[in-house]
Each structure stands twice: as C-alpha cells, then as structure tokens.
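[1] Have a look at this prediction, sequence included:
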Amino acid sequence: METLISLFRRKVSEAISLALNLPIEESQADMAPSSQEEFGHYQCNSALRLAKALQQNPRAIAQKIIDKFDQSFCSKIEIAGPGFINFTLSPHFLSQQLQEQFHDRLCGASLPKKRQKVVVEFSSPNVAKELHVGHIRSTIIGDCLARLFEFLQQDVLRLNHIGDWGTQFGMLITYMKEAAPKVLKGEEETTLEALMEWYRAAKKRFDEDADFKKRSQMEVVRLQSGDKDALYAWKSICDISRTAFQEIYDLLDVKIIERGESFYNPILKEIVAEFERHGLVTISDGAKCVYLEGFKNREGDLLPMMIQKSDGGYNYDTTDLAAIRHRIFVEKADRIIYITDSGQSLHFQMLFAAAQKIGWLDPNKIEVDHVGFGLVLGADGKKLKTRSGVTEKLIDLLTEAVDRARGMVKGRLPDAPVPEIEHLARVLGIGAVKYSDLSVHRTKDYVFSYDKMLRFEGNTAVFLLYAYVRINGIKRKTHADMDKVVQLHRIAVQHPSEISLGIHLRRFGEILELVSRDLLPNRLTDYLYELAEKFNAFFRDCRVEGSPEEGSRLLLCELTSKVLRQGLYILGLQTVDRM
Ligand code: ARG
C-alpha cells in the first residue's frame, strides 16, 4: 500500500507544479508528520523553501498550492506560521485506508521499487576467543534488520563472518597438542570455556616462551599450506565453538549462515595482487600497505591499511577486502550492511574507501553501511562482565533472563501447565533482552538491567506483550465471531482517540521505510510503544462491547493486534496468548 506520506508528497508536488508552473519531483515535496496532532496529521514545508527561491511571500505561495491541491481526502487544510501547510485527513478517508490496511498482506507497508539483494553481516564472534556481549548486540540488531528486509520482500543473505582463521590457531593448536591432544583428534569432547581457557594460556606461553612461539608459527604455516593434521585440529576447534554459538542462536531464535574468515583464504593472494596491479600498494617496514586519502592519525600522518604483513601473513583488512569483493561480484549485492560495535567504524570506513578506490564499489550503485553500536554496561557503569570476570558464558546471561521471566510467570499464572510456563518464560525472557537492546538508540551505551527490562510499565517488551494479550482479551470477551465481524462490518473512525490510533496504525509502513533507511531499530520500538499507548487511550475513551460501533471497533482492535504482532516479529519477538 502506498504510505500516507508518499500520497501527500505525490499530491503536493502535483499542486506545486500546477500552481507555480514548476515541475518538481515527488521526493522534493517537503512533507513530515505533524509534531502535534491538534494542528493536523501531516505538514508541508515546501512553501517556505520555494518562497526563497522565487522571492515571493511564503504564505501567498502556500495559498496557491492549496488552491491546486486535491482536497478530496482532507477535512481541513490550513496555513500556519510563516507558511507551513497543515493537513488533516478526513475521517472517511482514514477509515477507508484502515479498512484496506486491515486486509493488506503487508499490514500497510509499501515495498521498495526494486527488489534488492541485501547482505546483512552480523554476530561474527571469534572462534576460541572471548565472546562478548557485543556479539549478542550484533546478533540482535542484525537479526532485526534482516527480518525487516525479509518482510519488505528483499533478497536477504544473512552472513556470520566468524573469526575462524589467523595466527591465533597456531598457538592454540600447539598448546592443545600438549594439554588436550585427545580433543584435537576428536576423541574427547570439551566446552567453549575450556577452549577459551586454553586460548588464554596459549597466548601467555606465546608471549613468554620463545620456543613455543617458534613452534606456533610453524603450526600456522602448516595450517595455511593445508597440512592434513593441522587442518583437522583447526576443524575440531571450530566445531567446539560452533556448537556453543549455535546454542545461543537457537535460544535467540536467529538464523544465520556461517561464512567465516577462512572462507576467503583461497583468494587473499589474489586480492593483494590486484591492489599491486593497480599501483595502490606501498611497502612500509616490509609490510604491504594501502594508503587512502583522508584517513590520518593524530599526528596528521596517513593511516595504513595493512594487507600483507612482512612475514607474508594476511590479516583482518585483507579478509574484509576479499569479503566485500565477493559480496559485490559473486553475491551481486545491492546493499551490504555490517553490524559491529562502533569501535570498528574506522576500519569499515577505510574498507569502503579502499573498495571504492580499486573500483569494486560504485557508491551510486551499491550502498554499504556500517551499523555501529555502543557498549552494554553493568550496574557499576563499566563494560558488562560476569561475576567472575574471567570466563563469561554469554548463554548464562540469556538463561538468567529466562529464569527471571519464569519466576514472574509462575507468580501470575500459578495454575498454568509446565510446558506453557516454559514457553512463556522463554518468550518473555528472551524478548525482554532483545527489546531492551533494540529500544535504545543503537549508538548509545546502555545499562543492562533484568529488573528494568522485565517491568510492566514503560517502554519494555513485557508492556507491549501485555498490551497484545489485552487486545485479544477484548475480542474474546465480546464473544464475537471475528470472521462474521470482518464480513459484516467496516472500519469507521470518528472519536478523536479512534482517529489518533488510526493515523498511527496507518503510519506503520512509513516507520519501516525509515528504519530501512537509517537502520535504527529504536524507531520501531518507539512506534510500537506509542501504538500501545494510543490503543490504551482509545480503549479508555471508546466503549467497544455493546456499543453501536462495536463492529468497527473490534476491527480496529484486530488491526492493532496485527500491527503489533508484525512489528514485534520484525524485532525478533514472539507474542503470547496470555501472561
Ligand atoms: N570477528 C570480529 C570481532 O569479533 C567481527 C567481525 C566483523 N565483520 C567484519 N567483516 N570485519 O571483532
């Protein structure tokens, strides 16, 4: 369905063309939703800008635009202040729109003009290394963005760029050959924590023991040249991590395709050669570096992007260059999105600049975004760590949220059967963690708090899920046969609270469009929170059961429930029937 804002842009640009004999594009019509409902539903600011360009009085221009404007769908159009135009939709038109939205497969969203291939790279933890909350944030945000593009029917590729290659494996294998030979041979099982412990111990040995260091480096060479035993050991290590990662993805209900750094190993040599052929490589202390204009350190010297170390090894930059080339030429991506902590933003800006410089990336054809995010803090205001501070099991963080939700559910529904309690605990607990993460502007740091995220008031998952349950309860209470209601009634909004809810419902598609542009999921959480509040106001002001408007109002309840469920689904949250 066409969104209302786009309808206004279309109609306003038509009016401007007629009124001023000035053909302008739809996208140039300066429209925004009104900040205050009492002034109208949408506002046009074009007259002010045109007045400057045409050297005429803005209010006079606004009047000319109004005179040519197709007024059939508005109940009021007014000029305000220096020359804003405020539009109020007629209840009749809004009702028609909501009726259409009710039956719309996409809940009133509009699809992008062209179906795009969108690569969303997220999560991307490192094998055997510390798994931090940042990886969880990346997983939650990335999954949400992938769900959004899937909902908008784009061709989405969800990639997990795990750190599964590099020099760390040399020392880890060397260490494990001594400490855990059976694990390496696949004869004994182990855990991710043990692996991380070995990793730490290996790193210590590597830094302190010259002989160990030498053996480790030889192990890397063996691995990179495809030695069978080394590869086997590497694979066993990756398997252990993979199982642990999968446990988290299952709990979070996240689907992702693993395509780690090792995937690009065979083409790294070619990447360096290609940069050399383009004359973009400078040797610095024996390492092959690419320098890019505009990237300087504090002293004002250009920062290098190192694509091959002096010992011949490749690194993070090289793999990322290979990955972006693969995504552009093999995956034929139209848009590539990377989700990592904001700390890596310079790396990605340089990566994009390098890809552009070598001619792979045409920014007019392909959009690349680094979606950065802030830190998760503990109650002490410092980076979140577990009690021990050492081996943090991220899964514990999620499990604890589920445990706390279970406690809450048991208190509320003491007679519910165990499987239902388990299901509710999981939906609420995991939902709360996801929602509290997504509801903060992603570039900000936030304090992780179980108590806060499981609150019934305020902008929380629990509040929204409860609103959802309540809405469905209303339908149940009237004993209405919804199929009949759908057949016999149409939505007709009239009361100010109905209109306010209706306009908000109809804006769902606009919000999704905004999020797909600026990749800020908190716009969607804010929207849903406001939706629940507007619904509450409607329900306070308008009687549903037994009123003459019962049919229309039940449909409005149903539409609210649909939009809420769909919105929550995009955030990665499931809904429940009671709680
Ligand atoms: N493995 C990296 C880390 O944990 C994140 C990878 C991000 N993606 C990328 N293409 N560099 O920091």
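    Yep, that arrived. Residues are numbered from 1 along each chain as shown.

[2] going forward, measure contacts and count neighbours with C-alpha atoms only.
    OK.

[3] count of neighbours near the residue nearest to Leu302 when sequence neighbours are not counted?
    Sequence neighbours aside, Lys296 is the residue nearest to Leu302 in space, at 4.3 Å (criterion: CA to CA, 6 or more residues apart in numbering). Counted with other CA atoms under 10 Å, the neighbours of Lys296 add up to 13.

[4] how about Lys296, phi and psi?
    Dihedral angles of Lys296 (phi, psi; degrees, to the nearest 10) stand at phi -120, psi 160.

[5] Touching, it and Met350? I think so.
    No. Using CA atoms under 8 Å, Lys296 makes no contact with Met350, being 10.7 Å away.

[6] Would you map the helices across the stretch 1-150 of the chain?
    4-20, 46-54, 58-68, 91-103, 133-151 (DSSP state H, counting those that start in this stretch).

[7] Check which residues of the second one are buried.
    In this case it means helix 46-54. Of all the residues in helix 46-54, those buried under the rule 16 or more other CA atoms under 10 Å are 46-48, 50-51.

[8] contact partners of it?
    Residues outside helix 46-54 that contact it (CA atoms under 8 Å, 6 or more residues apart in numbering) are 29-31, 57-59, 61-62, 82-84.

[9] And it, how far out from the chain middle?
    Remark: helix 46-54 is offset 37 Å from the chain centroid, using CA atoms, centre = their mean, to the nearest Å.

[10] Just want the angle from that helix to helix 4-20.
    Orientation of helix 46-54 against helix 4-20 (axes from the mean of the first three to the mean of the last three CA atoms, to 10 degrees) gives an angle of 40 degrees.

[11] likewise the longest one?
    Here helix 133-151 runs at an angle of 60 degrees relative to helix 4-20 (the same axes, to 10 degrees).

[12] what stretches of the stretch 351-500 of the chain score poorly on pLDDT?
    The stretch 351-500 of the chain contains residues with pLDDT under 70 at 385-392.

[13] so where do the helices sit in it?
    Assigned by DSSP H, counting those that start in this stretch, the helices in the stretch 351-500 of the chain fall at 394-412, 418-438, 450-453, 461-477, 482-488, 496-506.

[14] who wins for proximity to Asp104 among these?
    Among these, the nearest to Asp104 by CA to CA is helix 496-506 (11.4 Å).

[15] residue boundaries of the strands in the protein?
    Using DSSP state E, the strands of the chain run over 31-33, 42-44, 74-80, 84-89, 117-121, 155-160, 257-258, 281-284, 287-296, 302-308, 335-341, 367-373, 376-377, 446-447.

[16] picking that back up, could you save the helices of the stretch 1-150 of the chain as CSV and add columns showing mean pLDDT?
    Output for these, formatted as CSV (pLDDT from 0 to 100):
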stretch, mean pLDDT
helix 4-20, 95
helix 46-54, 92
helix 58-68, 96
helix 91-103, 98
helix 133-151, 96
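
[17] Among those, show me which one is buried the most.
    helix 133-151 (a mean of 23; mean count of other CA atoms under 10 Å).

[18] and the angle for that helix with strand 155-160?
    Using the same axes, to 10 degrees: helix 133-151 against strand 155-160 is 170 degrees.

[19] hang on, the earlier thing: I'd like the strands of the chain as CSV, with distance to Leu568 appended.
    Output for the strands of the chain, formatted as CSV (distance: least, CA to CA, whole Å):
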stretch, distance to Leu568
strand 31-33, 23
strand 42-44, 26
strand 74-80, 31
strand 84-89, 28
strand 117-121, 20
strand 155-160, 19
strand 257-258, 23
strand 281-284, 48
strand 287-296, 40
strand 302-308, 41
strand 335-341, 20
strand 367-373, 21
strand 376-377, 22
strand 446-447, 21
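
[20] Which among those strands is found nearest to the ligand?
    strand 335-341 (5.8 Å; CA to the nearest ligand atom).

[21] residues making contact with the closest one?
    Counting by CA under 8 Å, 6+ apart, 116-123, 134-135, 138, 141-142, 327, 366-375 sit against strand 335-341.

[22] Could you rerun that using 7 Å?
    Contacts with strand 335-341, where a contact means CA atoms under 7 Å, 6 or more residues apart in numbering, come from 117-122, 134, 138, 142, 366-374.

[23] Check stretch 84-97 too.
    So stretch 84-97 is contacted by 39-45, 47, 62, 73-79, 491-494 (CA under 7 Å, 6+ apart).

[24] Among the residues you listed, name the buried ones.
    For the contacts of stretch 84-97, buried by 16+ other CA under 10 Å: 39-45, 47, 62, 74, 77-79, 491-494.

[25] Contact distance from the ligand - what residues of this structure qualify?
    Proximity of the chain to the ligand (CA under 6 Å from any ligand atom) is limited to residues 124-126, 161-163, 320, 340.

[26] Residues touching the longest helix along the chain, excluding its own?
    Ranked by residue count under DSSP state H, the longest helix found in the chain is helix 228-252. Residues from elsewhere that reach helix 228-252 (CA under 7 Å, 6+ apart): 127-128, 164, 169, 173, 184-186, 191-192, 222-223, 255, 395, 430.

[27] How about stretch 519-529?
    Residues contacting stretch 519-529 (CA under 7 Å, 6+ apart): 438-442, 459, 464, 511, 515, 564.

[28] neighbour-wise, which of those leads?
    Busiest of the contacts of stretch 519-529 [other CA under 10 Å] is Leu464, holding 26 neighbours.

[29] got a list of what it touches?
    Leu464 makes contact with 529, 532, according to CA under 7 Å, 6+ apart.

[30] and the gap between the closest residue to Arg406 other than its chain neighbours and Lys269?
    Computed as CA to CA, 6+ apart, the closest residue to Arg406 that is not its neighbour in sequence is Ala425, at 4.5 Å. Distance of Ala425 to Lys269, computed by CA to CA, to the nearest Å: 50 Å.

[31] Those two: which has the busier surroundings?
    Neighbours were counted for Ala425 and for Lys269 using other CA under 10 Å; Ala425 has more, 24 against 17.

[32] pretty sure that one contacts Met408?
    No. Contact criterion CA atoms under 7 Å: Ala425 and Met408 do not qualify, at 8.2 Å.

[33] and Leu159, bridged to which residues?
    Note on Leu159: beta-bridge partners by DSSP bridges are Glu121, Ile257.

[34] Run a quick neighbour tally on it.
    So Leu159, with other CA under 10 Å, has 20 neighbours.

[35] With Asp334 instead?
    When neighbours are defined as other CA under 10 Å, Asp334 has 17 of them.

[36] Repeat that for the one 3 residues further on.
    The criterion is other CA under 10 Å. On that basis, Ile337 has 20 neighbouring residues.

[37] Around the closest residue to Ile395 other than its chain neighbours, count how many other residues there are.
    Leaving aside its chain neighbours, Ile395 sits nearest to Ile248 (6.1 Å; criterion: CA to CA, 6+ apart). When neighbours are defined as other CA under 10 Å, Ile248 has 18 of them.

[38] where does Ile248 sit relative to the ligand, distance-wise?
    Going from Ile248 to the ligand by CA to the nearest ligand atom, to the nearest Å gives 16 Å.
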